[in-house]
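Colleague: Okay, sequence plus prediction incoming.
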Amino acid sequence: MKILLADDERMVRVGLISMLEELHPEQHTYFQAANGKDLLQILVLEKPDLVFVDIKMPELDGLSALEQAAEIRSDTKFLILSGYSDFSFAQSAIRLNVSDYLLKPVSLEILKETVDRVQENLYVQRKSGQQSFASTILRDYWQFSLDETLPAHELPYHCDVYLFYFDQCLR
């Protein structure tokens, strides 16, 4: 899984990577952003699966970055990791469809539960998307193949269908 850590404090980013590596050794690729503008650039270039976002960052704060990020990558999951327990921040996060709101310092146990849940949700989401795509291809193929009003040589197209299903995402 590709993980982006957006926090203006370098030690927070490094500490989080260390914790994630302890939980899931060598399973993830990490990217770092020190502000909201960098977050958006990395989001476009690297297409991360999961983004940890701090609320208070220079140049573009986390909530403003999240508003723009949702338009850029609708299938990316976002988690807020903040030192602010202010309810208004949590409300804003809910409106922005953030997967979870974690308070600093986050424990290893909570981090594991959260990342595992997000990873499972991504897996289910992708599996569903693959099945939907395959169903559409097969439906269209059979629709044209079974159209008895047209001779075979007049069908709009002919295709061979190969269906590949990958049960795991590889780095």
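Modeller: Received it, and whenever you're ready, just let me know what you need. Numbers count the residues shown, from 1 in each chain.
Colleague: Which helix or strand contains D75?
Modeller: Assessed by DSSP states H and E, D75 sits outside every helix and strand.
Colleague: what does the one 10 residues further on give?
Modeller: Taking DSSP H and E as the criterion, S85 maps to no regular element, lying outside all helices and strands.
Colleague: next one: Q125
Modeller: Using DSSP H and E, Q125 sits in helix 108-145.
Colleague: any idea how far R73 is from M11?
Modeller: 27 Å (CB to CB, to the nearest Å). For glycine as for every other residue, the C-beta is placed from the backbone atoms N, C-alpha and C.
Colleague: Model confidence for the residue nearest the centre of the chain, exactly?
Modeller: Nearest to the geometric centre of the chain sits T76, at 2.3 Å (CA atoms, centre = their mean). pLDDT, T76: 91.
Colleague: pretty sure it contacts L50?
Modeller: Yes - counting by CB atoms under 8 Å, L50 is a contact partner of T76 at 7.1 Å.
Colleague: Quick one: residues contacting the residue nearest to the centre of the chain.
Modeller: L43, K47, P48, D49, L50, V51, A69 (CB atoms under 8 Å, 6 or more residues apart in numbering).
Colleague: got a list of what L96 touches?
Modeller: L96 touches L63, L66, E67, A70, F78, counting by CB under 8 Å, 6+ apart.
Colleague: cutoff 10 Å now
Modeller: Applying CB atoms under 10 Å, 6 or more residues apart in numbering to L96 gives the contacts V53, G62, L63, S64, A65, L66, E67, A69, A70, F78, I80.
Colleague: Partner strands of the host helix or strand of the last one, with direction?
Modeller: Spelled out, it's I80. Element membership of I80, judged by DSSP H and E, is strand 77-82. If you go by DSSP bridges, strand 77-82 pairs up with strand 50-53 (parallel), strand 100-103 (parallel).
Colleague: can you count the residues close to S85?
Modeller: Number of residues near S85 (other CB atoms under 10 Å) recorded here: 10.
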